[in-house]
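**Student:** sequence and predicted model, in that order:
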Amino acid sequence: MAIFIDHYIVLGLPSGEEGTNLANEDIKKAYRSKALELHPDKKRDDPNAVADFQQLQASYDILKDEKTRKEFDNAVMI
């Protein structure tokens, strides 16, 4: 069974229809802010820091690309 990850939530953004209406600049700002917060260099004592940061990067990669973002949005709305 696959685990569903809401990429908007990972970036600290609203999900669902509200998330689909966000501008690319809003997504970029949220990513940068969250990246500073979750960067492994700032969380050296957290054993999950690298995995959390990698998930943040993967979520951003999906949402920053118009095609993959649309595919994700369509899958969520089903």
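**Tutor:** Thanks, I have the structure now.
**Student:** run through who's touching the lowest-mean-pLDDT helix or strand in the chain.
**Tutor:** Ranking every helix and strand in the chain by mean pLDDT, DSSP states H and E puts helix 16-20 at the bottom, with a mean of 90. Residues outside helix 16-20 that contact it (Cβ atoms under 8 Å, 6 or more residues apart in numbering): 8, 13, 73, 76-77. Where C-beta positions appear, they are placed from N, C-alpha and C, glycine not excepted.
**Student:** and those residues, which is closest to Asp65?
**Tutor:** Proximity of the contacts of helix 16-20 to Asp65 (Cβ to Cβ) peaks at Asp73, which lies at 12.0 Å.
**Student:** what's the neighbour count on the closest one?
**Tutor:** The number of residues packed near Asp73 is 17, by other Cβ atoms under 10 Å.
**Student:** cool, and Glu25?
**Tutor:** Using other Cβ under 10 Å, Glu25 has 8 other residues around it.
**Student:** got it, and Asn24?
**Tutor:** Burial of Asn24 is recorded as 12 neighbouring residues (other Cβ under 10 Å).
**Student:** the residue lying closest to it once chain neighbours are set aside and Lys28: what is the separation?
**Tutor:** Leaving aside its chain neighbours, Asn24 sits nearest to Lys64 (6.8 Å; criterion: Cβ to Cβ, 6 or more residues apart in numbering). Per Cβ to Cβ, to the nearest Å, Lys64 is found 7 Å from Lys28.
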